[in-house]
Structures are given as C-alpha cells and as structure tokens.
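# Following is a predicted model, sequence given first.
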Amino acid sequence: MISIKINDLKFLVKPGISILEACKYIGITIPRFCYHETLSIAGNCRMCLVELEGLEKPVASCLTEISEGTSVYTDSAFVKKARENVVETLLLNHPLDCPICDQAGECDLQDQTKSFGSDYSRFFFNKRGVEDKECGPLIKTIMTRCIHCTRCVRFGSEVAGIDFLGTLNRGTSTEIGSYVSKFFDSEISGNVIDLCPVGALTSKPYGFKARPWELRVSESIDLTDSTGSNIYVNFKESEIFRVLPKSNEDINEHIISDKSRFSYDANNNNRIKNLFEFQNKKDKFKTINWTSFFTQIDLILDDKNKNFNITINEDIGFENLEFLKKITRFNKNIHINSLKGNVKTNNFYSYGLTDKINVIESCNSVAFIFSVNPKLECSVINTRLRTKYRNSLLSLVGLNQSFSYNIPTKFINLNLSKSLKIFEGKYNFFSRICINSESPLVLISDSFGKRGINTGEILSYLKLHFDTIKIIKINENSNTESLHFSNIRNIVKKYNTDLSNLMCINLDDTYDFRKKFLKLKNNIIWLNSHGSNFASKVKLIVPVLSEFEDERIYLNLEQRPQKTYKIFNSFFDSRNIKTILLSAFENNNIDNNSLHSKFLYEMIENPLLFDGLNNNFSFLCYGDKKSYNTINYLYKYPTKSNIEDFYCSNKSTKNSKIMQQSSQYLRRISSNFR
C-alpha cells in the first residue's frame, strides 16, 4: 500500500492503479465518458481531468498512474473550468434533440452538462451532420449524437470478438461506423446500447415508446439459456418495454445476451386467452369455462384401465416439477416424462460433478469445448472465456465439428469414444496439453441424452482420469438441472405405444415433439402460455401463466437456485400450472408442501449459502468404466452443438417478432452472393 493525498486528505491505496480507480475505491466519483471497467483505456474524452500538485496542466485520471506521495485535486476551480471546456467542445456538433432522444433521462452527457456545462455557447457555425449506420433490427443509430468515446469499438473488438465498428476519417471528419453496412452479427451486440453514454446507439424496438421515468422496474432472471442471467424488467401497465442487465459478478457480471434483452415481446405475442375444446373439422374450437374443463379431466381419470401421460417442459419451474412427481405416487396410471429428461436414474439426485461459473477465472492453460458451441448456447459464459483468453495464455481445443468462433481454437473432429481417449493419454499432441495442465477446463453439452447416453457417466469418466479437472455443463434449457434433481425421465417407449391420454405442459412445438405425438388421435390436452400449429389439432387448449406472471424457482447450469417474480396479473383466463393440477387431482389429497423448495428459497434469499457449497468427488455415483463401455458403441457420430439458430432456440424466442426478424437478417447475410 502507498500513501497519497486526494483533496488534502490522506489515503492508503494499492500501487499500480490509475487515479480514477483509486478515487473509485475511496468513494469519489470522477466524471468520464470513454472509460469503462471492462474495456481497455482509451483516454480520448478528457472528461476525467484532475489537477496534480506541481503540474501546470490537468491530467487524465484514467491514464495517470498513482505513485507514493501523489497529491490530487478533483474538485478545484481549475478542474471545474477544464471540465467545462471539455463539455463545451463535446457540444459543438451535438444536436439539441433531447426531447425526442430515447436516451433522455439516462444520458451521461446530460448529467455532466448539468454539473459542469456553461449556460451559453460561443460556437456560432453550422453543426456537422453524420449519416446514420444500419446495424440490423436491434440497434438504432443516430450518429450525429456520437461523441467518439469509442466504447462501442472497443467492446466489439475486445469483448464480442467482432470488428464491426471502427473509427473512420480524421480530424473534424471523424465518425464511428462499420466499414460495410450490414447486420451486427454478435450474440451480445445489444450491450453497446448500455455502454453508449449518449443517444447515438439505442434500442430499435424501444424507440419512441416510453420514457424511463414512466416505467416500473422488477427483478427477474433470463430463461432463454441455462446461465440464469440476472435482469431488470421495465414495464408499464401490462406491457414490457425493455429488459436491462442486473449486475451479478457470480453469473453474468453486467452483460446479457440479445435473446434475453429483446425476446420480451413474446409475452404478448401468440398468447392463449381462453379455454377451447375441439368440436369438429368444420366448427373447429369452442370456448369453454374452467368447470367444464375439470369435469372432463375427472372423466378421463376415472378410467383406471387407461394411462394418463403428462409430458412437460422443464421451464415450468422447480416446484411444479416436484408436485408432478408427487402425483405419480398416488396414481400408477399417471406417468410424468420429458423430451429432455434423464436417460436412467432411480432417485432424486444432483450431479455433484460440475463446477461453478467462476472456475473460468482460475483456468490458466487449456479449455476443451466438448459437443458445445458456447457462442450460441451460452454467450455470457463465452464472454467470460474470451476475457480469460485475452488476459492469459489460454489454449482452446474443440472436440466437435468446427464452427465459426470468436476465440482462436484448435478443432479435432472425433466421436465420443475417440474424444475421451484424449483424457486417457492416447493422443500425443492433445493429451500432452491436457496432462501438462494443472486443472484443465471442460465445457460439455447435455446433447448426449438425445442419443441415449447419460451425461453423468461421461462426467464421472472425466473425473476418474483427472480429479483436478474443472467441468461446466451447459444445458439447452433454463431449468434442466431441476429435471435431474426431480428425476423426470425421458419419454419411455412403452408408455408411448399404449398412450390413451396425453397432457402437454409448456412444450415447445419442435420436430422431435411432432414426430412422437402428431399421429396420436386420443385425448390430447395442451397446457401452454402460447399457441402453436400442433395446438390446433388437440382436444383441449388451456392457458397458463408465463414466467413474467408467476413466481417460479429455477436451477441454472451450476445448480444455483433463483426465482422469477410476478410482474403482471393473469393474462385473461390464464392460471398457475400448480393451481390447475391441484384442482385436477384434488381427490388424491396431495401434500402441497415441499421441503426442497424451502431450502432453495433460503439460498435465494441468502446467496452466500450457495457460495459455501462445494461439489465433492465423493458424491460420484457413475464411476464404473465397464458401464460406460457398454453404451459407448451407440455413439459413432461426431459430436455437435445443440443450437443452430441462436435467435430461435426455444418457445419464447420463437414467439418473439424481434427474434424472428433477427433470424431473417442472419440467414440473409449467410446466403450466397451477398
């Protein structure tokens, strides 16, 4: 620690940091435009000028490193006059359009002009105009407002890994733009909206719709991938206007993906408003009430000779999954399964073999990407991985089919059995990389379950060969870990063949789903917040609440419990899934209390309890190499990623008009001869 003086007060700070960082740790806020904690230092806005004792000119605090005995003044008359001159220079060509600017009320330039600006301007020439740039359907540009802080340029090249924006021309003709007008092809491109200190880059879907002081704010979590990023939801009355990141250093830091930021319009698109019953091909559906619906459910359940199959999607929440498991204990004719459940387990369990997201920070040598494309499946974790690559000598090896990646990676295209031989030491080059590493990192997908292989056996196999290996399992959906914990099985063939009645809860209308159930002509009940093509062929359609209208618990990829909050009231006749099931199975006297949920709520209220949990290798229950070899021959094809289209990966994004438009832009630039 070294001793410095700030405004004639003595402080002890760490050596080797800038004046701006030292002031931030002490609690003194220095205005800035170009400086940002996650980006490299540019030092071109000059707004952070401070006075150093003994120097005639002010210095940029973001560039100047402190030393022993440094004396700094941050609020002297000399500093205030220097900042006034900087603000006056920035406003020379800045348009006076604050009343129509979407950034108004949250603009850093407005705040600094109010604090340090002058009440008049000495500039009497015509202001310079700059042509707006086309960035796609997500980002709106008004480049005349740009103050050339280059935050967006540095974010693209350093964090997103795409050199989309750059500085063009010189002197008074300088402007920020893309060299070729095209779509900003990055999964985290929307974060430049938060980084821009003025209204040059704003959200296109949010444009001219609301002011920040009109909106209410609620916390929630992102359900478009398995990371569980923390978000703020800005809404007014019964409509969501935008989604912003909530800082959480353990999960997403201050970054969210474009799916999380822009898929909010799915909450009102293609929603089911009422209960419907199929009549005939001519009249189609008629509206019914809840009493009629429960009467028909009772008639179906009274037939003890027929099975009642409930197929679910895990995003219905942890408590609903537990309640469904309890139902099967009271009625053996009721079977609960999922399109993505466990391949084979017998009881409640949690893997205990995976690590937390922050292990990326301790990885210092090699990372293996195993059957996953982090750029598409988990863009927030990919951002952490890229930051680690930039700050250290991290080698990446891809054990799957090659794909376009924003981190230099050595790809080796092997099937499952040959890929695991790398960890056995049977591949000279790649095995040597793994063996020389103290704690190699493995990012693995849950896609093996689609081919009948339990991912837990692969994880245990890796742990048996490297007890210091770090594993992050990236799931396809937001609540897959709850499926494993509750032991919701994959669809069992024997129940599928003699299926008499089917209840579909929150399912995504995918090819795999239609392949299994489209030919069924029995009693099919569609419980969902959204409609689909398959829903037009079922007997009963029942509306349920969305994640913005209900409080639910979710376990992210590191099994961290988090919950959504109720923002809106019920959408027309929609009801909570658990309320519907309780009414449908009320004769069974099912206990509504959940001991597991109480523990999870306790960890949600106190996140430090989760941080104190350790994943122990002693929890391993799949360490039998012989068992692994008996199923290995089934997987002879090269591994590949779960997701092909980033913008249409689940039910929410498929019902979002903004995401559909982005997907069209992406396919357009991917076609030939463009």
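Yep, it's here.

# what's L608 sitting at in phi/psi?
L608 adopts backbone torsions of phi -60, psi -20, taken as degrees, to the nearest 10.

# tell me the pLDDT at it?
Note on L608: pLDDT of 82.

# just D498 next, same as before
The model reports D498 with a pLDDT of 56.

# Then I336?
pLDDT recorded at I336 is 85.

# ditto for Y628
Confidence per residue is given as pLDDT, and for Y628 that number is 46.

# Please renumber the chain so that the first residue is 34 from this point on.
With 34 as the first residue, the last one maps to Y661.

# mind listing what P230 touches?
Under the criterion of Cβ atoms under 8 Å, 6 or more residues apart in numbering, the contact partners of P230 comprise F66, C140, D141, L142, I180, C182, R184. Just so you know, the C-beta spots here come from the backbone N, C-alpha and C atoms, and that holds for glycine as well.

# Let's have those in JSON lines, adding distance to L426 and pLDDT.
Written out in JSON lines, the entries for those read as follows (distance: Cβ to Cβ, whole Å; pLDDT from 0 to 100):
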{"residue": "F66", "distance to L426": "33", "pLDDT": "95"}
{"residue": "C140", "distance to L426": "40", "pLDDT": "94"}
{"residue": "D141", "distance to L426": "36", "pLDDT": "94"}
{"residue": "L142", "distance to L426": "39", "pLDDT": "95"}
{"residue": "I180", "distance to L426": "36", "pLDDT": "94"}
{"residue": "C182", "distance to L426": "30", "pLDDT": "94"}
{"residue": "R184", "distance to L426": "27", "pLDDT": "95"}
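
# what's the farthest-apart pair in the residues you listed?
Across those, the two members that end up farthest from each other (Cβ to Cβ) are C140 and R184, 14.0 Å apart.

# And the two? Which one has more around it.
Neighbour count, other Cβ atoms under 10 Å: between C140 and R184, R184 has more, with 25 against 18.

# Dihedrals phi and psi, the more buried one?
For R184, the backbone dihedrals (degrees, to the nearest 10) come out as phi -60, psi -40.

# What of L308?
Geometry field for L308 lists phi and psi as phi -90, psi 140, criterion degrees, to the nearest 10.

# Can you name the residues that contact the nearest residue to it once chain neighbours are set aside?
Nearest residue to L308 in three dimensions, chain neighbours excluded: I321, at 5.0 Å (Cβ to Cβ, 6 or more residues apart in numbering). Listed by Cβ under 8 Å, 6+ apart, the contact set of I321 reads L308, F309, E310.

# distance of I321 from L573?
Taking Cβ to Cβ, to the nearest Å as the measure, I321 and L573 are separated by 8 Å.

# what do you get for C134?
Here the distance between C134 and L573 works out to 49 Å (Cβ to Cβ).

# go on, T320?
Distance check for T320 against L573: by Cβ to Cβ, it reads 12 Å.

# Could you tell me which residues touch both of these two?
Overlap between the neighbourhoods of T320 and L573 consists of L308, F309, taking contacts as Cβ under 8 Å, 6+ apart.

# Give me the more crowded residue out of those two.
More neighbours sit around L573 than around the other of T320 and L573, counting by other Cβ under 10 Å; the figures are 22 against 12.

# Nearest spatial neighbour of that one, chain-adjacent residues omitted?
Using Cβ to Cβ, 6+ apart and skipping the chain neighbours, the partner closest in space to L573 is I558 (4.5 Å).

# contacting residues around the strand or helix carrying the one you found?
Remark: I558 resides in strand 556-561, with elements defined by DSSP states H and E. Residues from elsewhere that reach strand 556-561 (Cβ under 8 Å, 6+ apart): 305, 330, 333, 533-540, 550, 567-568, 570-577, 610, 613.

# Please pick the buried ones from those residues.
The neighbour count (16 or more other Cβ atoms under 10 Å) marks 305, 330, 333, 534-540, 550, 567-568, 571-577, 610, 613 as buried among these.

# Let's see which of the residues you listed end up in strands.
Within the buried ones among the contacts of strand 556-561, membership in strands is found for N534, L535, M536, C537, I538, L573, I574, V575, P576, as judged by DSSP state E.

# With distance to N589 and pLDDT as extra columns, can I get those residues in TSV?
Output for these, formatted as TSV (distance: Cβ to Cβ, whole Å; pLDDT from 0 to 100):
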residue	distance to N589	pLDDT
N534	33	81
L535	30	84
M536	27	88
C537	25	89
I538	21	91
L573	33	91
I574	31	93
V575	28	94
P576	27	94
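
# before we move on, the earlier item: what would the contacts of P230 look like in a markdown table with secondary structure and distance to L256?
Rendered in a markdown table, the data for the contacts of P230 read as follows (DSSP: H, G, I helix; E, B strand; the rest coil; distance: Cβ to Cβ, whole Å):
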| residue | secondary structure | distance to L256 |
| --- | --- | --- |
| F66 | coil | 34 |
| C140 | coil | 31 |
| D141 | helix | 31 |
| L142 | helix | 35 |
| I180 | coil | 36 |
| C182 | coil | 33 |
| R184 | helix | 29 |
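
# quick one: which of these is nearest N510?
Closest to N510, out of all of the contacts of P230 and judged by Cβ to Cβ, is R184, at 33.2 Å.

# and the gap between the nearest residue to R65 once chain neighbours are set aside and I507?
Spatial nearest neighbour of R65, chain neighbours left out: C81 (4.5 Å); criterion: Cβ to Cβ, 6+ apart. When Cβ to Cβ is applied, the distance between C81 and I507 equals 39 Å.

# Likewise for S236?
Plainly put, S236 is 27 Å away from I507 if you go by Cβ to Cβ.

# These two: which is more packed in?
I507 (27 against 22).

# who touches that one in this structure?
Applying Cβ under 8 Å, 6+ apart, the residues near I507 are S259, V405, P407, E410, C411, I414, L476, I477, S478, D479, L590.

# So for the nearest residue to it once chain neighbours are set aside, what's the pLDDT?
Computed as Cβ to Cβ, 6+ apart, the closest residue to I507 that is not its neighbour in sequence is C411, at 4.8 Å. At C411 the predicted local distance difference test score is 92.

# Please measure how far the first residue of stretch 496-510 sits from its last one.
Length of stretch 496-510, first residue to last, Cα to Cα, to the nearest Å: 24 Å.

# Mean confidence (pLDDT) on that stretch, please.
The average pLDDT within stretch 496-510 is 85.

# What of stretch 598-609?
Across stretch 598-609, pLDDT averages out at 90.
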